[in-house]
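**Student:** Could you work out the structure for the sequence below:
(2 chains)
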Amino acid sequence: MGDGGDTRITAHPVLGPPPERRRITFSFDGQVLTGYEGEPVAFALLAHGIRCLRHGGTGGGARGLLCGVGHCMECRVTVDGVPNQRACLIPVRDGMRVERPDTVARPSWPPSGGRESEGSLHAR
Amino acid sequence: MRADVCIVGGGPAGMSAALEAARYGLRVVVVEESMRLGGRLRGQLHQRRDASWWKGGQIADRLAAELDGAGVRALVGASVWDMRPGWHVGVVRGDHLLSVEAPAVIVSTGAAQNPVPLPGWTLPGVMLVGAVQEALHVHRVRPGSRALVVGVDPLGLITARQMQLAGIDVVGVVPALPLGADGPRLDRLHLMERLAFWGHMAPTPLLRAGSRLLRNRAFARAAVRLYPRNGLKAWGIPIWLGRAAAGFEGAREVERALLVELDPEGRPVPGSTSTVAVDLVCLSGGLSPLVELAAAAGCRLCYAPELGGWVPLTGPDLQTTVPGLFVAGSVTGVEGVGVAMAQGRLAAAAAAVLVQKMDSQGASDILDRAREEVEKARREADIQFHPGIDKGRGRIARRWAEEQSTAPQASETAAGNANVRKGA
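**Tutor:** Here you go, the predicted structure:
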């Protein structure tokens, strides 16, 4: 188990080697992975070639990192049980539990009754 | 939490504003949504006109250290959810709510990337330029191994080069096929003129030469006729003006892109669809100023397509129509990082004039100088995102002047008054 194999850029012709960072362990859907402390979850996963972060939208297709800077909400995952965390912003920490949301998250509206209220933002 | 100025957004404009405000002796609080100051500056890496490298990450680190030394308070991992005149800035940071009280606010929220909604754009592995730049330069991860860039514009081209430097095989740069009738023009002359306009960023000697030659329309027409079947190249990367991306396919992630051939007028040729195998698609659809917060705070907006869309109506010192509220950086219109940083210093000077109740002579001295710095940065920009910056800025200036003549109460800031007197 490395830090993500050959998708890590260990040498760059202009920037040189990356700064020293502390290696940590976290899990994604139960799979134990290494990452560097403080790097956002989405990029720690990307380093392992993991790009599908959830299923959603019409048809429940695979979704992943899109804007990478916290604007688009495409990359939301469940972190330590808290849903809808932006994987591109939230820093990975030692022992963190990251999961793909297991349902298509929809706002619970109207507030009671009706088919639309099935599934909610807190869909766990 | 009390401050003299609260700065919302810790990117290049916000950091420069904070540093300058601290130099004027103001107590500064910066609110930044991500965990580190720097914003999009951290993803930047390009060669400047003098061939030196602009390494955004290093510059951001240096600015962050200077801010720390200057006693600027940075709230990172924090978002602004409320802003009321006075000013009371509501901040949420993790599970905590707090309020920043300051007589002046500078909104430097930057810009958002426009999506490029071609069929299949939601597949993992299809991402916007910003995500690719963050991956390569901030987190040092390759987001794929074989990439197509969609979007013939400065950011698309720069990102193609950045991917190549990081060891990614870049198969080409293509425009996106517009979904509707009012999409961007794809005729070859127009695309070549666009390329020629930002030929000053000089990807190849050919394009640099083309940049001068294409301004001659007769030459441009001949160039279109003689346009090579396999396109132009920049750094060995093909730039395909004769085809466009029509969609992306793959079972779980992107596996290929669909391309259609274009005739010289930019119309898709029926039955010409081909595929190119890629595991990464980098979309560049341009940037739009992130004006929501400024709008929610009551700033009047103005539509300026040359600047990326709706922008806050601003006076010459980046004051808005709301007293005590200033803006700086890409939220005022999408320009290069040098302009954003100079704007940050100008907005900080204007905030200092207001907070320290400077007399009009003192105000004019520092504001004149700061305004000149913005103009200088504009002239010397490495990258111009929009061809009509001057036209857009002129439009804003005229609208501001109209606003001043009909609504004098909108210029109650010291900075505003100083400028009205100058007839700016």
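**Student:** Just the C-alpha atoms of stretch B:367-376, please, in CSV.
**Tutor:** Output of stretch B:367-376 as CSV, limited to C-alpha atoms (Å, rounded to 0.1, in the frame of the first residue of the first chain):
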residue,chain,number,x,y,z
LEU,B,367,-5.9,56.7,-4.5
ASP,B,368,-4.3,58.3,-7.6
ARG,B,369,-1.2,56.2,-7.1
ALA,B,370,-3.2,53.0,-6.5
ARG,B,371,-5.4,53.6,-9.5
GLU,B,372,-2.3,54.0,-11.7
GLU,B,373,-0.9,50.7,-10.4
VAL,B,374,-4.1,49.0,-11.6
GLU,B,375,-3.7,50.5,-15.0
LYS,B,376,-0.1,49.5,-15.2
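**Student:** who's in contact with whichever residue of chain A sits closest to chain B?
**Tutor:** When scored by C-beta to the nearest C-beta, chain A has A:Gly68 as its residue closest to chain B, at 2.6 Å. For every residue, glycine as well, the C-beta is placed using N, CA and C. Taking C-beta atoms under 8 Å, 6 or more residues apart in numbering or on different chains, we find A:Gly68 in contact with A:Ala42, A:Cys88, B:Met127, B:Leu128, B:Gly130, B:Ala131, B:Val132, B:Gln133, B:Glu134, B:Ala135.
**Student:** what secondary structure does the nearest residue to it once chain neighbours are set aside sit in?
**Tutor:** Once flanking residues are discounted, A:Gly68 sits nearest to B:Ala131: 2.6 Å by C-beta to C-beta, 6 or more residues apart in numbering or on different chains. The local conformation at B:Ala131, judged by DSSP: H, G, I helix; E, B strand; the rest coil, is helix.
**Student:** For B:Ala131, the count of nearby residues, please.
**Tutor:** Per other C-beta atoms under 10 Å in any protein chain shown, the neighbour tally for B:Ala131 reads 29.
**Student:** If we ignore the residues flanking it in sequence, what's nearest residue 64?
**Tutor:** No chain was given, so I picked chain A. Sequence neighbours aside, B:Pro124 is the residue nearest to A:Gly64 in space, at 3.1 Å (criterion: C-beta to C-beta, 6+ apart).
**Student:** should've been chain B
**Tutor:** Nearest to B:Ala64 is B:Leu37, by C-beta to C-beta, 6+ apart, at 4.7 Å.
**Student:** doesn't A:Glu20 fall inside a strand?
**Tutor:** No - if the criterion is three-state DSSP, then A:Glu20 is coil and not within a strand.
**Student:** secondary structure element for residue 98?
**Tutor:** Looking at chain A here, since you left the chain open. Element membership for A:Val98 (DSSP states H and E) is strand A:97-99.
**Student:** think we crossed wires, I meant chain B
**Tutor:** Per DSSP H and E: B:Leu98 is located in strand B:96-101.
**Student:** For the closest residue to chain A within the stretch 301-424 of chain B, grab the count of nearby residues.
**Tutor:** Distances between the stretch 301-424 of chain B and chain A by C-beta to the nearest C-beta are smallest at B:Ser330, namely 12.3 Å. The local packing of B:Ser330 (other C-beta under 10 Å) involves 32 other residues.
**Student:** What count of nearby residues applies to the nearest residue to it once chain neighbours are set aside?
**Tutor:** Closest residue to B:Ser330 apart from its sequence neighbours, by C-beta to C-beta, 6+ apart: B:Ala111 at 3.9 Å. Residues near B:Ala111, counting by other C-beta under 10 Å, number 28.
**Student:** same check, this time on B:Glu249
**Tutor:** 13.
**Student:** Got the confidence number for it?
**Tutor:** With respect to pLDDT, B:Glu249 scores 97.
**Student:** which strand residues sit across from it in the sheet?
**Tutor:** Under DSSP bridges, the beta-bridge partners of B:Glu249 are B:Arg256.
**Student:** so what's B:Thr314 up against?
**Tutor:** B:Thr314 makes contact with B:Thr320, B:Val327, B:Thr332, B:Ile396, B:Trp400 under the criterion C-beta under 8 Å, 6+ apart.
**Student:** sorry, back to before: ok but the residue of chain A closest to chain B is inside a helix, no?
**Tutor:** No - using three-state DSSP, the assignment for A:Gly68 is coil, not a helix.
**Student:** where do the strands sit along the stretch 1-150 of chain B?
**Tutor:** Using DSSP state E, counting those that start in this stretch, the strands of the stretch 1-150 of chain B run over B:5-8, B:28-32, B:45-47, B:53-55, B:73-76, B:78-84, B:88-93, B:96-101, B:104-107, B:111-113, B:126-128, B:146-150.
**Student:** same deal with chain A?
**Tutor:** A:23-28, A:31-36, A:54-56, A:61-63, A:76-79, A:82-86, A:97-99 (DSSP state E).
**Student:** related to what we said a few turns ago, hmm, which two among the contacts of A:Gly68 are most spread apart?
**Tutor:** A:Ala42 and B:Gln133 (13.8 Å; C-beta to C-beta).
**Student:** Please identify which of the two sits among more neighbours.
**Tutor:** The residue with more neighbours, out of A:Ala42 and B:Gln133, is A:Ala42; 31 against 24, by other C-beta under 10 Å.
**Student:** And the pLDDT at the more buried one?
**Tutor:** pLDDT recorded at A:Ala42 is 98.
**Student:** gap between it and B:Gln164?
**Tutor:** Separation of A:Ala42 from B:Gln164 (C-beta to C-beta, to the nearest Å): 23 Å.
**Student:** what does B:Leu63 give?
**Tutor:** 28 Å.
**Student:** Could you show which parts of chain A are in contact with chain B?
**Tutor:** Contact residues, chain A versus chain B (C-beta under 8 Å from any C-beta of the partner chain): A:4, A:6-10, A:12-15, A:18, A:38-40, A:43, A:46-47, A:51-53, A:57, A:61-72, A:74, A:88-89, A:91.
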